[in-house]
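Engineer: What shape does this take:
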Amino acid sequence: MASHERLKSLLMECVREYAEQAGVQVKIDENTPLLGADSAVDSLGLVMIVTGFEAKVNETFDSGIVLANESAMSMRRSPFRSVAALTEYAGQLLREAKAA
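Structural biologist: Here you go, the predicted structure:
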């Protein structure tokens, strides 16, 4: 089973990598916004973070989850809004995949 802390660590690593590549300063913790006016991440950066995180999760947990799916796009509150939200969403998808 995927640990919440391990997922959060993988995601924070992706945000850190993005910030280094983009040359932006980002205070990275679970409250770091990934969307919206308060976010230091632009739309291309969000795509890079999400795809990188998805790859790391699938490699680490030997899974085949897809984070940017129709369900995520239609959610009332975006799972991409913050590090905490995306970590929780990835954990939920992993739990569902394991149960299937």
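Engineer: From residue 20, how far out is residue 43?
Structural biologist: Applying Cβ to Cβ, to the nearest Å, the value for residue 43 to residue 20 is 19 Å. Any C-beta I mention is one placed from the backbone N, CA and C, and that applies to glycine too.
Engineer: ok, now residue 38?
Structural biologist: Note on residue 38: its distance to residue 20, by Cβ to Cβ, is 20 Å.
Engineer: ok, now residue 85?
Structural biologist: 23 Å.
Engineer: So for those two, which sits in the more crowded spot?
Structural biologist: Per other Cβ atoms under 10 Å, whichever of residue 85 and residue 20 has more neighbours is residue 85, with 19 against 10.
Engineer: residues in contact with the closest residue to that one other than its chain neighbours?
Structural biologist: Distance criterion Cβ to Cβ, 6 or more residues apart in numbering; nearest residue to residue 85, sequence neighbours excluded, is residue 79 at 5.2 Å. Residues near residue 79 by Cβ atoms under 8 Å, 6 or more residues apart in numbering: 67, 72, 85-86, 88-89.
Engineer: can you do 7 Å?
Structural biologist: Going by Cβ atoms under 7 Å, 6 or more residues apart in numbering, residue 79 touches 72, 85-86, 89.
Engineer: which SS state does it fall under?
Structural biologist: Put simply, residue 79 is coil when judged by DSSP: H, G, I helix; E, B strand; the rest coil.
Engineer: now the residue positioned nearest the centre of the chain: how far from residue 23?
Structural biologist: Using Cα atoms, centre = their mean, the residue of the chain that lies closest to the mean C-alpha position is residue 86, 4.3 Å off. According to Cβ to Cβ, residue 86 stands 23 Å off from residue 23.
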